[in-house]
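Enquirer: here is a sequence with its predicted model. Questions after.
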Amino acid sequence: MTARSFRGPAVTEPPWARWLLVAVVLTILAILLVLPLAVVFIEALKRGAGVYLAALSDPDALSAVKLTMIVAAISVPLNVVFGIAAAWAVTKFRFPGKSLLTTLIDLPFSVSPVVAGLIFVLVFGARGWLGPWLRANSIEIIFAVPGIVLATTFVTLPFVARELIPLMESQGVADEEAALSLGANGWQTFWRVTLPNIRWGVLYGVLLCNARAMGEFGAVSVVSGHIRGLTNTMPLHVEILYNEYNFAASFAVASLLALLALITLFAKSALEWRYSSELAAGRGH
Amino acid sequence: MQVRIEGVTKSFGDHPALKDLSLKVGSGQLFALLGPSGSGKTTLLRLIAGLERADAGAVYFGDVDASRIPIQRRRVGFVFQHYALFRHMTMFDNIAFGILVRRKEFTHTRDSLRRRCLELLDLVQLSGLEDRYPHQLSGGQRQRVALARALAIEPSLLLLDEPFGALDARVRKDLRRWIRELHTKTGHTTLFVTHDQEEALELADAVVVLNDGRVEQIGTPEQIYSAPASPFVFNFIGDSARIPGSAINGGWRGPRPPEDADIFIRPQDVTIVGPHEGAIHGDIVGVRRLADIRRVVVRTGAGDIEVNVADGKPTEMGAAVGLQFDKWRTYRNGVLLQRD
């Protein structure tokens, strides 16, 4: 072993080139990531803690926070159930249409969120396919909470599944087969063997899914109708306040979202650091 | 319990894995399923366990058609190639798993369950390691825990898939002897899959040689080694050379036309003699050191033939030598013609 190999895989660039590259990357990071984040908190607190707290305890702001929580509380569990079911189906069974399913799972990532929102308006809206029937039965979906939940669930659909599919693929089916041969039925195998094997992967997916569910703007904006105190989520509320030139309040609510992002980032890194071997290959390290 | 396999056929897509295969394993016997990779041996094992379903044919446990018994109730102890220990459970919980999920069959109290699991750990010589997790154990220890877990359900049949495949040579040898002793002690009908002929010959009461989804030969290790029923078995069981030649009335008349029969010969059954003696002649083109003997390669008109040479005997590269055959087998169209 030479001293050189401790620096990692054969580095051939001269030192000045390395430092230049590092400097460029750090500058870009600072301008694009750190600065905006700092601005959010600075702007939010510029006029003092009193204004900050007042902005957060405004009834409309509180109702936006509440709605965001409700939406996340519904769509995240839905995505966990869907993600586990889809990953299970894709990795443990052979069936026709399997590769189609794998492709379809990624659809929400490749479709623009605005289009995703519009899809739901076209299906459930007043002039949509199901509009007349829904109105006849006085069910409100678009411009109401169910629409927001639907749009959020759609947009966040791939998170848990995409985390679990590579993980479960690499784990194989031997553990499940062992459980079956030892006499466990399907439920026992799932609860006692499969779920514990993928728990950190699920948590990782939930984390990312939750961050997106709370922060989603595009799709939710289309289906929400922006009714203050009723169908405004936090991101929508930030936009409304901003458009009203109420910058302090706008940044105050935004700071909550930024905080959520930081917590997510921290928890995600902690998970990667602690359980890298139990997360999907390619994560961590 | 006696296991009978009758006319079992199994394909994966277009690829046939087992072709009309039949086999009988007597109660309490230790059987080896031996074959190269792709010969169908693991598929056969998984089929007996209930992890695969046969396209045709049936597996009988005693007189019962096993396809009527779901895998959970077959009471087959299966040890997986990579053990498939539950990684989030301690050794104790791994072993207790089979008992806990069958609460209806095993009426254990907390104490008797504990006693039973510790007993099993003791049987596999891992006392005191009940609180360890799989990643804290060596390969050989994991293997033994996997075995204890399989034994916990009081299986009527024990199936081992490449039980020594993932272990290093030393551990492998120890474990082999230990499994033999364990089998003598517990007496379970046992089948194990291996691609290592040495393992199969040393361990098993009977060896089933599989090739391309079919049984090539079933016999005791002695029969398999000294009377291989086909050139494939001869070749697979140890090093060998094939020499085409002619045969009359089962007797081989040397490497001459018409080349209507082949003889197969092992390196230890060839002696190097003077260049004008022996059945076949050639030059020494290589000398290799094996663990306890030297192996000389002689290039002849019938191809390269490997010969074992005792230490002390001179072996010069390029020397012209004759080869004398002490023992061989003659096959015509894959069928054994003569026995010595």
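Expert: Noted; the coordinates are in hand. Residues are numbered from 1 along each chain as shown, chains lettered A, B, ... in the order given.

Enquirer: quick one: average pLDDT of the helix ranked longest in chain A?
Expert: With secondary structure taken from DSSP state H, chain A has its longest helix at helix A:59-92. Over the span of helix A:59-92, the pLDDT mean works out to 90.

Enquirer: what about it, near chain B?
Expert: No: Helix A:59-92 does not reach chain B (CB under 8 Å from any CB of the partner chain); its nearest approach is 12.7 Å. Where C-beta positions appear, they are placed from N, C-alpha and C, glycine not excepted.

Enquirer: list the helices and strands the next helix or strand after that helix packs on?
Expert: Once helix A:59-92 ends, the next helix or strand along the chain (criterion: DSSP states H and E) is helix A:98-105. Based on contacts counted as 3 or more CB pairs under 8 Å, 6 or more residues apart in numbering or on different chains; DSSP states H and E, the elements that helix A:98-105 packs against are helix A:59-92, helix A:158-171.

Enquirer: which outside residues touch helix A:98-105?
Expert: Residues outside helix A:98-105 that contact it (CB atoms under 8 Å, 6 or more residues apart in numbering or on different chains): A:A86, A:A89, A:V90, A:L157, A:P158, A:A161, A:R162, A:I165.

Enquirer: re earlier: out of the helices and strands packed on helix A:98-105, deepest packed?
Expert: Each of those was scored by mean neighbour count; the highest is helix A:158-171, a mean of 22, by mean count of other CB atoms under 10 Å in any protein chain shown.

Enquirer: tell me the mean pLDDT for that one?
Expert: 90.

Enquirer: who does the helix or strand that it is followed by touch, helix- and strand-wise?
Expert: Where DSSP H and E defines the elements, the next helix or strand beyond helix A:158-171 is helix A:174-181. Helices and strands touching helix A:174-181, by 3+ CB pairs under 8 Å, 6+ apart, are helix A:186-189, strand B:76-79.

Enquirer: quick check, distance from helix A:174-181 to the centre of its chain.
Expert: 33 Å (CA atoms, centre = their mean, to the nearest Å).

Enquirer: stretch A:265-273 too?
Expert: A distance of 15 Å separates the centroid of the chain from that of stretch A:265-273, by CA atoms, centre = their mean.

Enquirer: ok, stretch B:3-15 next?
Expert: Stretch B:3-15 has its C-alpha centroid displaced from the chain centroid by 19 Å (CA atoms, centre = their mean).

Enquirer: contacts for stretch A:128-141 next, please.
Expert: Under the contact criterion CB under 8 Å, 6+ apart, stretch A:128-141 has outside partners A:F120, A:V121, A:L122, A:V123, A:F124, A:G125, A:A126, A:I142, A:P146, A:G147, A:L150.

Enquirer: switch the cut-off to 6 Å
Expert: Counting by CB atoms under 6 Å, 6 or more residues apart in numbering or on different chains, the neighbours of stretch A:128-141 from elsewhere in the structure are A:L122, A:V123, A:F124, A:G125, A:G147.

Enquirer: check what pLDDT B:G318 gets.
Expert: On pLDDT, B:G318 comes in at 85.

Enquirer: now render the helices and strands packed on helix A:98-105 as CSV, adding distance to A:V223.
Expert: Supplementary listing: those in CSV, determined by distance: least, CB to CB, whole Å:
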stretch, distance to A:V223
helix A:59-92, 11
helix A:158-171, 19
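
Enquirer: closest one to B:Q136 among these?
Expert: Closest approach to B:Q136 among the helices and strands packed on helix A:98-105 is made by helix A:158-171 (19.2 Å; CB to CB).

Enquirer: and the angle for that closest one with helix A:98-105?
Expert: Using axes from the mean of the first three to the mean of the last three CA atoms, to 10 degrees, the interaxial angle of helix A:158-171 with respect to helix A:98-105 works out to 140 degrees.

Enquirer: other SSEs contacting helix A:158-171?
Expert: Helices and strands touching helix A:158-171, by 3 or more CB pairs under 6 Å, 6 or more residues apart in numbering or on different chains; DSSP states H and E, are helix A:59-92, helix A:195-215.

Enquirer: next one, pLDDT for A:A3 please.
Expert: 46.

Enquirer: just give me the neighbour total for B:T90.
Expert: Using other CB atoms under 10 Å in any protein chain shown, B:T90 has 17 neighbouring residues.

Enquirer: can you give me the buried ones in the helix or strand of chain A with the lowest mean pLDDT?
Expert: For chain A, counting by mean pLDDT, DSSP states H and E, helix A:131-136 ranks last in confidence among helices and strands (a mean of 81). Neighbour-count burial for helix A:131-136, counted by 16 or more other CB atoms under 10 Å in any protein chain shown, picks out A:G131, A:L134.

Enquirer: next: stretch B:59-77.
Expert: By neighbour count with 16+ other CB under 10 Å, stretch B:59-77 contains the buried residues B:V59, B:Y60, B:F61, B:A66, B:I71, B:Q72, B:R74, B:R75, B:V76, B:G77.

Enquirer: among those residues, which are in reach of chain A?
Expert: Contacts with chain A within these, counted by CB under 6 Å from any CB of the partner chain: B:I71, B:Q72, B:V76.

Enquirer: sorry, back to before: just name the most buried of the helices and strands packed on helix A:174-181.
Expert: Mean neighbour counts were taken over those using mean count of other CB under 10 Å, and the top value, a mean of 26, falls to strand B:76-79.

Enquirer: wait, a strand at B:I243?
Expert: Yes: if the criterion is DSSP: H, G, I helix; E, B strand; the rest coil, then B:I243 is within a strand.
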